[in-house]
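S.K.: have a look at this prediction, sequence included:
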Amino acid sequence: MLSRSFDLSEVRRLEELAFAGWPALETRDVSGWRLRFSRGYTKRANSINALSPEAQIDQHSIERLEAAYRERGQLPTWRLSPLAPAGIADILTAQGYRALERSLVQICSLRASTPAPEVRIHLQPTETWIEAFAAHSPVRPEHRATMRRMLTAIAAPVGFALVAEAGQPMAMAIGAVNGDHMGLFDVLVMPNARRRGLARKVTESLYAWAWDHGARFAYLQVVATNAAAMPLYAAQGFRTVYDYEYFVPQS
(Lines give C-alpha, C1' and ligand atoms only; values in the text may rest on other atoms or scores of the structure.)
Protein backbone atom coordinates (compact mmCIF):
# COMPACT_ATOMS: atom_id res chain seq x y z
CA MET A 1 0.00 0.00 0.00
CA LEU A 2 1.03 3.61 -0.44
CA SER A 3 3.14 4.64 2.54
CA ARG A 4 1.29 7.80 3.55
CA SER A 5 -1.64 8.84 5.67
CA PHE A 6 -5.14 8.65 4.26
CA ASP A 7 -8.27 10.69 4.70
CA LEU A 8 -10.42 7.76 5.76
CA SER A 9 -13.63 9.70 5.25
CA GLU A 10 -12.69 10.26 1.60
CA VAL A 11 -11.67 6.62 1.23
CA ARG A 12 -14.99 5.50 2.75
CA ARG A 13 -16.96 7.79 0.41
CA LEU A 14 -15.14 6.57 -2.70
CA GLU A 15 -15.51 2.95 -1.62
CA GLU A 16 -19.28 3.36 -1.31
CA LEU A 17 -19.46 5.09 -4.70
CA ALA A 18 -17.47 2.29 -6.32
CA PHE A 19 -19.65 -0.40 -4.72
CA ALA A 20 -22.71 1.28 -6.23
CA GLY A 21 -21.05 1.95 -9.57
CA TRP A 22 -20.13 -1.72 -10.04
CA PRO A 23 -22.91 -3.47 -8.09
CA ALA A 24 -22.68 -7.05 -6.87
CA LEU A 25 -25.67 -9.35 -7.26
CA GLU A 26 -25.68 -9.95 -3.50
CA THR A 27 -24.17 -7.98 -0.63
CA ARG A 28 -23.89 -8.83 3.06
CA ASP A 29 -22.31 -6.83 5.90
CA VAL A 30 -20.74 -8.98 8.62
CA SER A 31 -18.50 -7.96 11.55
CA GLY A 32 -17.38 -4.72 9.88
CA TRP A 33 -16.78 -6.34 6.49
CA ARG A 34 -18.80 -6.15 3.28
CA LEU A 35 -19.14 -9.45 1.44
CA ARG A 36 -19.96 -9.15 -2.26
CA PHE A 37 -21.14 -12.09 -4.38
CA SER A 38 -21.66 -12.25 -8.14
CA ARG A 39 -21.17 -15.90 -9.08
CA GLY A 40 -17.44 -15.46 -9.61
CA TYR A 41 -17.63 -12.68 -12.23
CA THR A 42 -14.90 -10.09 -11.45
CA LYS A 43 -12.87 -9.95 -8.25
CA ARG A 44 -14.38 -6.59 -7.31
CA ALA A 45 -17.87 -8.05 -7.16
CA ASN A 46 -16.78 -11.24 -5.38
CA SER A 47 -14.60 -10.00 -2.54
CA ILE A 48 -14.41 -9.30 1.18
CA ASN A 49 -14.05 -5.55 1.84
CA ALA A 50 -13.41 -3.75 5.14
CA LEU A 51 -15.87 -1.02 6.12
CA SER A 52 -13.67 0.38 8.89
CA PRO A 53 -10.30 -0.28 10.57
CA GLU A 54 -12.27 -1.66 13.52
CA ALA A 55 -13.57 -4.63 11.50
CA GLN A 56 -13.10 -7.91 13.37
CA ILE A 57 -10.03 -10.00 12.52
CA ASP A 58 -10.14 -12.77 15.11
CA GLN A 59 -9.82 -16.28 13.69
CA HIS A 60 -13.50 -17.10 14.17
CA SER A 61 -14.56 -14.00 12.19
CA ILE A 62 -12.10 -14.73 9.39
CA GLU A 63 -13.31 -18.33 9.08
CA ARG A 64 -16.92 -17.16 9.07
CA LEU A 65 -16.26 -14.73 6.21
CA GLU A 66 -14.34 -17.32 4.21
CA ALA A 67 -17.07 -19.92 4.71
CA ALA A 68 -19.64 -17.72 2.96
CA TYR A 69 -17.60 -18.04 -0.25
CA ARG A 70 -16.68 -21.70 0.11
CA GLU A 71 -20.39 -22.52 0.56
CA ARG A 72 -20.93 -21.03 -2.92
CA GLY A 73 -18.08 -23.00 -4.43
CA GLN A 74 -15.79 -19.94 -4.58
CA LEU A 75 -12.35 -19.36 -3.10
CA PRO A 76 -12.46 -16.36 -0.73
CA THR A 77 -10.86 -13.20 -2.11
CA TRP A 78 -9.98 -10.32 0.22
CA ARG A 79 -9.74 -6.77 -1.12
CA LEU A 80 -7.66 -4.71 1.31
CA SER A 81 -8.01 -0.93 1.18
CA PRO A 82 -6.86 1.61 3.80
CA LEU A 83 -10.09 0.77 5.65
CA ALA A 84 -8.73 -2.70 6.43
CA PRO A 85 -7.64 -3.30 10.04
CA ALA A 86 -3.93 -3.20 10.80
CA GLY A 87 -2.39 -6.66 10.72
CA ILE A 88 -4.93 -8.37 8.44
CA ALA A 89 -2.45 -8.64 5.53
CA ASP A 90 0.07 -10.41 7.77
CA ILE A 91 -2.63 -12.74 9.11
CA LEU A 92 -3.76 -13.69 5.59
CA THR A 93 -0.17 -14.18 4.41
CA ALA A 94 0.50 -16.49 7.35
CA GLN A 95 -2.58 -18.49 6.38
CA GLY A 96 -1.38 -19.06 2.83
CA TYR A 97 -2.75 -16.08 0.94
CA ARG A 98 -0.74 -14.04 -1.56
CA ALA A 99 -1.11 -10.42 -2.65
CA LEU A 100 -2.33 -9.85 -6.18
CA GLU A 101 -2.94 -6.87 -8.47
CA ARG A 102 -2.27 -3.63 -6.65
CA SER A 103 -4.70 -0.99 -7.94
CA LEU A 104 -4.96 2.76 -7.55
CA VAL A 105 -8.14 4.70 -6.85
CA GLN A 106 -7.86 8.07 -8.56
CA ILE A 107 -10.04 11.16 -8.78
CA CYS A 108 -10.14 14.32 -10.88
CA SER A 109 -12.29 17.44 -11.29
CA LEU A 110 -14.56 17.72 -14.32
CA ARG A 111 -15.45 20.72 -16.43
CA ALA A 112 -18.03 21.50 -19.08
CA SER A 113 -16.95 20.15 -22.48
CA THR A 114 -18.26 18.69 -25.73
CA PRO A 115 -18.35 14.93 -26.47
CA ALA A 116 -16.47 13.64 -29.53
CA PRO A 117 -18.94 13.24 -32.42
CA GLU A 118 -17.94 9.63 -33.09
CA VAL A 119 -18.72 8.54 -29.51
CA ARG A 120 -22.26 7.30 -28.92
CA ILE A 121 -23.48 7.13 -25.32
CA HIS A 122 -26.40 4.81 -24.61
CA LEU A 123 -28.42 4.86 -21.40
CA GLN A 124 -28.78 1.06 -21.51
CA PRO A 125 -26.27 -1.50 -22.79
CA THR A 126 -27.28 -2.35 -26.35
CA GLU A 127 -26.80 -5.83 -27.79
CA THR A 128 -23.89 -4.50 -29.85
CA TRP A 129 -22.30 -3.03 -26.72
CA ILE A 130 -22.79 -6.23 -24.72
CA GLU A 131 -21.44 -8.47 -27.47
CA ALA A 132 -18.36 -6.27 -27.90
CA PHE A 133 -17.76 -6.12 -24.14
CA ALA A 134 -18.10 -9.89 -23.75
CA ALA A 135 -15.71 -10.52 -26.63
CA HIS A 136 -13.02 -8.01 -25.77
CA SER A 137 -13.09 -7.77 -21.97
CA PRO A 138 -13.19 -10.82 -22.30
CA VAL A 139 -16.07 -12.47 -20.42
CA ARG A 140 -16.20 -16.25 -20.19
CA PRO A 141 -19.42 -17.85 -21.52
CA GLU A 142 -20.48 -19.07 -18.05
CA HIS A 143 -20.29 -15.49 -16.71
CA ARG A 144 -22.19 -13.68 -19.46
CA ALA A 145 -25.64 -13.94 -17.89
CA THR A 146 -24.21 -12.53 -14.65
CA MET A 147 -22.49 -9.77 -16.61
CA ARG A 148 -25.80 -8.74 -18.17
CA ARG A 149 -27.53 -8.66 -14.77
CA MET A 150 -24.76 -6.53 -13.26
CA LEU A 151 -24.72 -4.05 -16.14
CA THR A 152 -28.46 -3.54 -16.01
CA ALA A 153 -28.34 -3.20 -12.20
CA ILE A 154 -26.19 -0.05 -12.31
CA ALA A 155 -28.40 2.78 -11.11
CA ALA A 156 -29.22 5.55 -13.58
CA PRO A 157 -27.83 7.79 -14.81
CA VAL A 158 -25.33 5.46 -16.45
CA GLY A 159 -23.72 5.87 -19.86
CA PHE A 160 -22.45 3.06 -22.07
CA ALA A 161 -20.05 4.71 -24.50
CA LEU A 162 -19.16 3.13 -27.84
CA VAL A 163 -17.13 4.04 -30.90
CA ALA A 164 -17.90 1.90 -33.95
CA GLU A 165 -16.69 2.02 -37.53
CA ALA A 166 -18.48 0.20 -40.35
CA GLY A 167 -20.49 -1.61 -37.70
CA GLN A 168 -17.39 -2.83 -35.86
CA PRO A 169 -16.75 -1.75 -32.23
CA MET A 170 -13.51 0.18 -31.77
CA ALA A 171 -13.64 1.49 -28.17
CA MET A 172 -16.00 1.49 -25.22
CA ALA A 173 -16.38 2.41 -21.54
CA ILE A 174 -18.94 2.84 -18.76
CA GLY A 175 -19.71 5.99 -16.78
CA ALA A 176 -21.89 5.69 -13.65
CA VAL A 177 -23.09 8.93 -12.05
CA ASN A 178 -23.91 9.05 -8.34
CA GLY A 179 -24.50 12.56 -7.01
CA ASP A 180 -21.62 14.79 -8.04
CA HIS A 181 -19.26 11.89 -8.91
CA MET A 182 -18.95 9.73 -12.01
CA GLY A 183 -17.26 6.34 -11.81
CA LEU A 184 -15.31 5.35 -14.93
CA PHE A 185 -15.28 1.59 -15.54
CA ASP A 186 -13.96 -0.85 -18.13
CA VAL A 187 -12.29 1.32 -20.72
CA LEU A 188 -11.58 -0.95 -23.69
CA VAL A 189 -9.92 -0.20 -27.02
CA MET A 190 -9.87 -3.03 -29.53
CA PRO A 191 -6.40 -4.16 -30.69
CA ASN A 192 -6.88 -2.96 -34.28
CA ALA A 193 -7.92 0.52 -33.07
CA ARG A 194 -5.12 1.35 -30.66
CA ARG A 195 -2.80 4.39 -30.86
CA ARG A 196 -5.56 6.51 -32.38
CA GLY A 197 -6.58 8.45 -29.29
CA LEU A 198 -9.85 6.57 -28.88
CA ALA A 199 -9.37 5.93 -25.16
CA ARG A 200 -9.08 9.69 -24.65
CA LYS A 201 -12.14 10.40 -26.81
CA VAL A 202 -14.37 7.80 -25.18
CA THR A 203 -13.40 8.78 -21.63
CA GLU A 204 -13.61 12.54 -22.20
CA SER A 205 -16.97 12.12 -23.91
CA LEU A 206 -18.22 10.36 -20.77
CA TYR A 207 -16.87 13.21 -18.63
CA ALA A 208 -18.83 15.70 -20.76
CA TRP A 209 -21.96 13.55 -20.53
CA ALA A 210 -21.53 13.19 -16.76
CA TRP A 211 -21.16 16.96 -16.33
CA ASP A 212 -24.56 17.39 -17.96
CA HIS A 213 -25.95 14.91 -15.41
CA GLY A 214 -24.59 16.87 -12.43
CA ALA A 215 -21.20 15.22 -11.89
CA ARG A 216 -18.29 17.50 -11.00
CA PHE A 217 -15.72 14.81 -10.25
CA ALA A 218 -14.70 11.50 -11.81
CA TYR A 219 -13.08 8.54 -10.09
CA LEU A 220 -11.60 5.32 -11.40
CA GLN A 221 -9.73 2.20 -10.33
CA VAL A 222 -6.68 1.29 -12.38
CA VAL A 223 -4.13 -1.50 -11.98
CA ALA A 224 -0.85 0.13 -10.95
CA THR A 225 1.09 -1.68 -13.69
CA ASN A 226 -1.21 -0.51 -16.51
CA ALA A 227 1.43 1.44 -18.42
CA ALA A 228 -0.95 2.27 -21.27
CA ALA A 229 -3.65 3.88 -19.11
CA MET A 230 -1.63 5.72 -16.47
CA PRO A 231 -0.24 8.51 -18.73
CA LEU A 232 -3.71 9.20 -20.14
CA TYR A 233 -5.28 9.53 -16.70
CA ALA A 234 -2.42 11.71 -15.46
CA ALA A 235 -2.88 14.02 -18.46
CA GLN A 236 -6.60 14.24 -17.65
CA GLY A 237 -5.81 15.44 -14.14
CA PHE A 238 -6.39 12.31 -12.08
CA ARG A 239 -4.57 12.01 -8.76
CA THR A 240 -4.23 8.92 -6.61
CA VAL A 241 -6.24 9.00 -3.38
CA TYR A 242 -5.43 5.49 -2.14
CA ASP A 243 -4.59 2.00 -3.31
CA TYR A 244 -5.76 -1.52 -2.58
CA GLU A 245 -4.65 -5.10 -3.13
CA TYR A 246 -6.39 -8.42 -3.47
CA PHE A 247 -5.32 -11.36 -1.34
CA VAL A 248 -6.13 -14.77 -2.80
CA PRO A 249 -5.35 -18.32 -1.60
CA GLN A 250 -2.09 -19.79 -2.86
CA SER A 251 -2.81 -22.23 -5.68
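M.R.: Structure received. Numbers count the residues shown, from 1 in each chain.
S.K.: could you chop the chain up by domain?
M.R.: Residue ranges for the domains of the chain, per automatic domain parsing: 8-104+245-249, 111-215.
S.K.: of the ones you listed, which approaches P231 most closely?
M.R.: Closest of the domains of the chain to P231 is domain 111-215, at 10.4 Å (criterion: Cβ to Cβ). Just so you know, the C-beta spots here come from the backbone N, C-alpha and C atoms, and that holds for glycine as well.
S.K.: what's the average pLDDT for that closest one?
M.R.: Mean per-residue pLDDT for domain 111-215: 96.
S.K.: ok, back up a step: ok, which of the domains of the chain comes nearest Q221?
M.R.: Closest to Q221 of the domains of the chain is domain 8-104+245-249 (Cβ to Cβ; 5.3 Å).
S.K.: straight-line length of the closest one, end to end?
M.R.: Domain 8-104+245-249 has an end-to-end distance of 28 Å (Cα to Cα, to the nearest Å).
S.K.: now do it: distance to the chain's middle.
M.R.: Remark: domain 8-104+245-249 is offset 14 Å from the chain centroid, using Cα atoms, centre = their mean, to the nearest Å.
S.K.: so which of the domains of the chain gets nearest V223?
M.R.: Between V223 and the domains of the chain, the tightest spacing by Cβ to Cβ is seen for domain 8-104+245-249, at 5.2 Å.
S.K.: can you tell me how far P191 sits from S52?
M.R.: Taking Cβ to Cβ, to the nearest Å as the measure, P191 falls 42 Å from S52.
S.K.: among the domains of the chain, which is nearest N226?
M.R.: domain 8-104+245-249 (8.9 Å).
S.K.: now that closest one: average pLDDT?
M.R.: 97.
S.K.: E54 contacts P85, doesn't it?
M.R.: Yes. Counting by Cβ atoms under 8 Å, P85 is a contact partner of E54 at 6.9 Å.
S.K.: ok, those two, which is more surrounded?
M.R.: Each of E54 and P85 has its neighbours counted (other Cβ atoms under 10 Å); P85 has more, 17 against 11.
S.K.: the more buried one contacts A50, doesn't it?
M.R.: Yes. P85 lies in contact with A50 (Cβ under 8 Å); the separation is 6.5 Å.
S.K.: circling back: M230 is nearest to which of the domains of the chain?
M.R.: Counting by Cβ to Cβ, M230 lies closest to domain 8-104+245-249 out of the domains of the chain; the figure is 8.4 Å.
S.K.: between P191 and S52, point out the one with more neighbours.
M.R.: S52 (12 against 6).
S.K.: okay, how far is it across stretch 79-91, tip to tip?
M.R.: 14 Å.
S.K.: mind listing what's buried in that stretch?
M.R.: 79-85, 88-89, 91 (16 or more other Cβ atoms under 10 Å).
S.K.: what does stretch 172-180 give?
M.R.: For stretch 172-180, a neighbour-count test (16+ other Cβ under 10 Å) marks 172-178 as buried.
S.K.: what does stretch 124-140 give?
M.R.: So stretch 124-140, judged by 16+ other Cβ under 10 Å, has buried residues 125, 128-130, 132-134, 136, 139.
S.K.: now, which of those sits nearest V248?
M.R.: Nearest to V248 among the buried residues of stretch 124-140: V139, at 19.7 Å, using Cβ to Cβ.
S.K.: my guess is the closest one contacts F133, does it?
M.R.: Yes. V139 lies in contact with F133 (Cβ under 8 Å); the separation is 6.9 Å.
S.K.: who touches both of these two?
M.R.: Listed as contacting both V139 and F133 by Cβ atoms under 8 Å, 6 or more residues apart in numbering are M147.
S.K.: per-residue pLDDT, S3?
M.R.: pLDDT, S3: 43.
S.K.: how about R70: what's its closest non-neighbour residue?
M.R.: P76 (6.9 Å; Cβ to Cβ, 6 or more residues apart in numbering).
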